[in-house]
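Asks: how would this look folded up:
(2 chains)
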Number of protein chains: 2
Amino acid sequence: MMHLILADSELEIIPEKIRNHPAIKRSKSLILDASLHHTAMKRLQQWQRRGRPDIVHIFLLIANESILNKKGMLRVYIHTRNDEIIYVKPGTRIIKNYNRFKGLMEQLFKNGKVPPEGEALMEMKEGSLKDLLNELKGKKILFSMKGKRKRIEEAMEKDVICIIGGFPSGDFLSPVHEMVDEIVSIYDEMLPAWIVEMEAIVAYENKFIAGKL
Amino acid sequence: MMHLILADSELEIIPEKIRNHPAIKRSKSLILDASLHHTAMKRLQQWQRRGRPDIVHIFLLIANESILNKKGMLRVYIHTRNDEIIYVKPGTRIIKNYNRFKGLMEQLFKNGKVPPEGEALMEMKEGSLKDLLNELKGKKILFSMKGKRKRIEEAMEKDVICIIGGFPSGDFLSPVHEMVDEIVSIYDEMLPAWIVEMEAIVAYENKFIAGKL
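Replies: Below is the predicted model of the structure:
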């Protein structure tokens, strides 16, 4: 089983501090989104990296449609900058439309799960990256430019936890470097989360899916 | 060099026939989008598969941020259902926000290029899939469930043209099966375009990027 974690992802509700800004009041969604709230965000600490639900969206679109997931060998988790964890049910089809996806994220922050009634497809709980890692079993690989340059396939094990940063620039907020078994770098420049993700997923498929022709 | 074509993609301007529908009049964008225009689209032929700029968006987000593209070994083309071809300059950073991306596509349909002044990052020209294939050099591989089950790496050649369908269901509109050297199937079910794309890109990287650790 591959556990795939988007860590310290920049997904959050619009902070109280900037809710009265005109750029925010125009907004239909409660989810902070840098592409809409850029002007207002300058009042926030670390504003350059925050408000990136788009990274979470594309990350999930790739994970949940992947062959690895269809084979039942992938579990996906979104960990946020404010230490929430989203658990995604493996069969879940991620909604393709970005605006509706943000609507779902809003529901998650409000109700803790979607859909609000019946069996949850996604659930949000409070928890740090460390809490999440304690729940899971497998070799912990962190993808970071600080790591050793290595082919992903060599680092992969059958039971593995892959940790990818869910932010556009800068470094992890969580003290993740101390929590893992190996730190792997796959390229000389910082890559978007979804590119590291696709390299990791295909590497795992190539190594462990028997009969992947 | 890998040439990557999203073929018969469901990217188009809202057809004249449905422009007076209330669901369309509410819309800010001129790009047909099934997630917004669903009700109005039922008057169109093949409405179930049309209006999918989201597929084009995620396809480009993956291609242009990929390691293969950063290494200068990838060229990307979007071919549409109405036989337009979008040429994407390799260094182009694709805009992350979906609504703004649709705005750019609208500009492309209007002006034939973006940005409208100066060197084009994307250009749109009239042309069929056949016209495009005639411009390019390399083994032509079509990804389709009708093909032979095979590891992508085995089919890959250094100069290769990979053709992936840019529609959510059904089959190619272009007579593409007659135009290619090999038809490859990589899974038992239909996969989204971006999943086939990521498998193809990583397979090419693994086979041909010297020094990919």
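
Asks: When you work out contacts or count neighbours from here on, use the C-alpha atoms and nothing else.
Replies: Noted.

Asks: Which residues of chain A lie near chain B?
Replies: On the criterion Cα under 8 Å from any Cα of the partner chain, chain B has as its neighbours in chain A the residues A:35, A:54, A:58, A:62, A:65-67, A:96-98, A:149-151, A:186-187, A:191-192, A:194-195, A:198-199, A:202, A:212-213.

Asks: Let me see the ranges of the helices in chain A.
Replies: With DSSP state H as the definition, chain A shows helices at residue ranges A:22-25, A:34-41, A:53-65, A:67-70, A:98-111, A:129-135, A:152-155, A:193-208.

Asks: Export those as JSON lines, with columns for mean pLDDT and mean neighbour count.
Replies: Converted to JSON lines, the helices of chain A look like this (pLDDT from 0 to 100; neighbours: other Cα atoms under 10 Å in any protein chain shown):
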{"stretch": "helix A:22-25", "mean pLDDT": "85", "mean neighbour count": "15"}
{"stretch": "helix A:34-41", "mean pLDDT": "93", "mean neighbour count": "18"}
{"stretch": "helix A:53-65", "mean pLDDT": "98", "mean neighbour count": "22"}
{"stretch": "helix A:67-70", "mean pLDDT": "96", "mean neighbour count": "20"}
{"stretch": "helix A:98-111", "mean pLDDT": "96", "mean neighbour count": "18"}
{"stretch": "helix A:129-135", "mean pLDDT": "98", "mean neighbour count": "14"}
{"stretch": "helix A:152-155", "mean pLDDT": "94", "mean neighbour count": "16"}
{"stretch": "helix A:193-208", "mean pLDDT": "97", "mean neighbour count": "22"}
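
Asks: Among those helices, which comes closest to B:Leu4?
Replies: Proximity of those to B:Leu4 was assessed by Cα to Cα; the nearest stretch is helix A:193-208, lying at 16.6 Å.

Asks: Tell me what angle the closest one forms with helix B:53-65.
Replies: Calculated by axes from the mean of the first three to the mean of the last three Cα atoms, to 10 degrees, helix A:193-208 forms an angle of 80 degrees with helix B:53-65.

Asks: Could you export helix A:193-208 as PDB, CA atoms only?
Replies: Written as PDB, here are the backbone C-alpha positions of helix A:193-208 (Å, rounded to 0.1, in the frame of the first residue of the first chain):
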ATOM      1  CA  ALA A 193       3.400  19.000  -5.900                       C
ATOM      2  CA  TRP A 194       1.500  17.300  -8.700                       C
ATOM      3  CA  ILE A 195       4.600  16.600 -10.700                       C
ATOM      4  CA  VAL A 196       6.400  14.900  -7.800                       C
ATOM      5  CA  GLU A 197       3.200  13.100  -7.100                       C
ATOM      6  CA  MET A 198       2.900  11.700 -10.600                       C
ATOM      7  CA  GLU A 199       6.600  10.600 -10.600                       C
ATOM      8  CA  ALA A 200       6.000   8.800  -7.200                       C
ATOM      9  CA  ILE A 201       2.800   7.100  -8.300                       C
ATOM     10  CA  VAL A 202       4.200   5.800 -11.600                       C
ATOM     11  CA  ALA A 203       7.400   4.700  -9.900                       C
ATOM     12  CA  TYR A 204       5.400   2.600  -7.400                       C
ATOM     13  CA  GLU A 205       3.200   1.200 -10.100                       C
ATOM     14  CA  ASN A 206       6.300   0.200 -12.100                       C
ATOM     15  CA  LYS A 207       7.900  -1.500  -9.100                       C
ATOM     16  CA  PHE A 208       5.000  -3.200  -7.500                       C
END
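
Asks: which secondary structure elements does the longest strand along chain A contact?
Replies: In chain A, ranked by residue count with DSSP state E as the criterion, the top strand is strand A:139-149. Helices and strands touching strand A:139-149, as assessed by 3 or more Cα pairs under 8 Å, 6 or more residues apart in numbering or on different chains; DSSP states H and E, comprise strand A:160-165, strand A:182-185.

Asks: any idea which of those strands is most buried?
Replies: When the helices and strands packed on strand A:139-149 are scored by mean count of other Cα atoms under 10 Å in any protein chain shown, the highest mean neighbour count falls to strand A:160-165 (a mean of 25).

Asks: Now do that strand, average pLDDT.
Replies: For strand A:160-165, the per-residue pLDDT values average out at 98.

Asks: Tell me what the spatially closest residue to A:Met124 that is not a sequence neighbour is bridged to.
Replies: By the measure of Cα to Cα, 6 or more residues apart in numbering or on different chains, the closest residue to A:Met124 outside its immediate chain neighbours is A:Ile86, 4.3 Å from it. Bridge pairing for A:Ile86 (DSSP bridges) gives the partners A:Ile78, A:Met124.

Asks: Now do A:Ile86 against B:Lys42, distance only.
Replies: Here the criterion is Cα to Cα, to the nearest Å. By it, A:Ile86 lies 36 Å from B:Lys42.

Asks: Same question for A:Ile18.
Replies: Per Cα to Cα, A:Ile18 is found 42 Å from B:Lys42.

Asks: More neighbours: which of the two?
Replies: Taking other Cα atoms under 10 Å in any protein chain shown, A:Ile18 and B:Lys42 do not tie; A:Ile18 has more neighbours (17 against 12).

Asks: just checking, the more buried one touches A:Lys25?
Replies: No - in terms of Cα atoms under 8 Å, A:Ile18 does not count as a neighbour of A:Lys25; the distance is 9.5 Å.

Asks: What sits closest to A:Glu126 if chain neighbours are left out?
Replies: Nearest in space to A:Glu126, with sequence neighbours left out and distances taken as Cα to Cα, 6+ apart, is A:Glu84 at 4.4 Å.

Asks: From chain B, how far off is that neighbour?
Replies: If you measure A:Glu84 against chain B using Cα to the nearest Cα, to the nearest Å, the figure is 24 Å.

Asks: need the contact list for the residue nearest to A:Leu132 when sequence neighbours are not counted.
Replies: Setting aside the residues directly before and after it, A:Leu132 is nearest to A:Ile85 in space (Cα to Cα, 6+ apart), at 7.7 Å. The neighbourhood of A:Ile85, defined by Cα atoms under 8 Å, 6 or more residues apart in numbering or on different chains, consists of A:Tyr77, A:Ile78, A:His79, A:Met124, A:Lys125, A:Glu126, A:Gly127, A:Ser128, A:Leu132.
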